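Colleague: Sequence isn't available, so here's the structure alone:
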């Protein structure tokens, strides 16, 4: 298998997992969010990834979430679930389960928490590749996973039978650029933090963009569509907004995932609740987020005041 074995392309938002007041996955809100995103131009979804709070769920809950996602998508686009785990046996089990229920592949980050060398990371993916009967997208997000997939390691992993794509989410443009150059002829390359540099990634031929911001700001999807249509100035303005949102969501006592769901709540979108250890924004971080969304023209001040 290689990049030509799959048709994954376009903007594939990393969707939130909405939990209800009792901490259970809210299937209705999940389906509503998917419907909204697909109607706004998404070509697929990443489900149960970092944005989807996979690390706060049991393996059985993760499988249940993917099944809900496949049902809600109803064949409208590709479904890539985060199937990574620390242990190779667990990663294989999760990836096989995802494929069996109709997902289009597995998004697999390297084993996390414990620091590994390249040979150990390679051996993990090699074992998974030998055991599963479906395509794999590598997932590089060292800020969360500890272990990095360097351009040299991604190039080495690209020769494994089931590896067909990479989601490069290091947040380091030089790392993204080097990775894309090294494997673009063998793997489909998706830019992770498209809100920060989706436009230059598209300019150098990215196959797709993956980001959390479409959950609360659907025009983020148009970073891809505008660049494909040659509307560079339109895309540039969207990129500027993406950078501003990234700064807003990660400063002033805010972190990305709670801020995303808080913004969805303010905008009347189906974000649902967080699951501990994450906590909802309160006090000045919440107030600052509201002010920021108003200043960016994404939230009406009068309706926001009435809601508060």
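Modeller: On my side now, so go ahead. Small disclaimer: the values here were computed from a predicted structure and weren't measured. Residues are numbered from 1 along each chain as shown.
Colleague: for stretch 269-276, what is the average pLDDT?
Modeller: Summarised as a single mean, pLDDT over stretch 269-276 is 98.
Colleague: which residue ranges form the strands in the protein?
Modeller: Assigned by DSSP state E, the chain shows strands spanning 10-11, 44-47, 78-81, 106-108, 136-140, 163-168, 188-191, 208-209.
Colleague: which helices and strands sit right next to the longest helix out of those in the chain?
Modeller: Determined from DSSP state H, the single longest helix within the chain is helix 232-249. Applying 3 or more C-beta pairs under 8 Å, 6 or more residues apart in numbering; DSSP states H and E, one finds that helix 232-249 contacts helix 194-203, helix 222-228, helix 256-266, helix 283-295. Backbone N, C-alpha and C define where each C-beta goes, glycine included.
Colleague: which residues sit against the first one?
Modeller: Residues outside helix 194-203 that contact it (C-beta atoms under 8 Å, 6 or more residues apart in numbering): 11, 171, 173, 176, 180, 191, 206, 209-211, 213, 220, 223-224, 227-228, 232, 235-236, 238-239, 242-243, 245-246.
Colleague: Any of these buried? List them.
Modeller: With burial judged by 16 or more other C-beta atoms under 10 Å, the buried subset of those is 11, 171, 176, 180, 191, 206, 209-211, 213, 220, 223-224, 227, 235, 238-239, 242, 245-246.
Colleague: what residues are up against the residue lying closest to residue 91 once chain neighbours are set aside?
Modeller: Excluding its sequence neighbours, the residue lying closest to residue 91 (C-beta to C-beta, 6 or more residues apart in numbering) is residue 85, at 4.6 Å. Counting by C-beta under 8 Å, 6+ apart, residue 85 makes contact with 59, 91, 94, 111.
Colleague: Among the residues you listed, which lie within helices?
Modeller: Filtering the contacts of residue 85 for helices - DSSP H - leaves 59, 91, 94.
Colleague: Nearest residue to residue 25 in space, please, no chain neighbours.
Modeller: residue 65 (5.7 Å).
Colleague: now that neighbour: how far from residue 34?
Modeller: Going from residue 65 to residue 34 by C-beta to C-beta, to the nearest Å gives 12 Å.
Colleague: Considering only helices and strands, which part of the protein has the lowest mean pLDDT?
Modeller: Here the helix or strand of the chain ranked lowest by mean pLDDT, DSSP states H and E is helix 301-307, holding a mean of 59.
Colleague: Quick one: low-confidence residue ranges for the stretch 201-308 of the chain.
Modeller: The stretch 201-308 of the chain contains residues with pLDDT under 70 at 302-308.
Colleague: Provide a list of residues in contact with the nearest residue in space to residue 140 that is not next to it in sequence.
Modeller: Take residue 140 and drop its neighbours on the chain: the residue closest to it by C-beta to C-beta, 6+ apart is residue 149, 3.9 Å away. For residue 149, the contacting residues are 110, 121, 138-140, 142, 157, 166, 179, by C-beta under 8 Å, 6+ apart.
Colleague: could you measure residue 149 against residue 109, distance?
Modeller: 8 Å.
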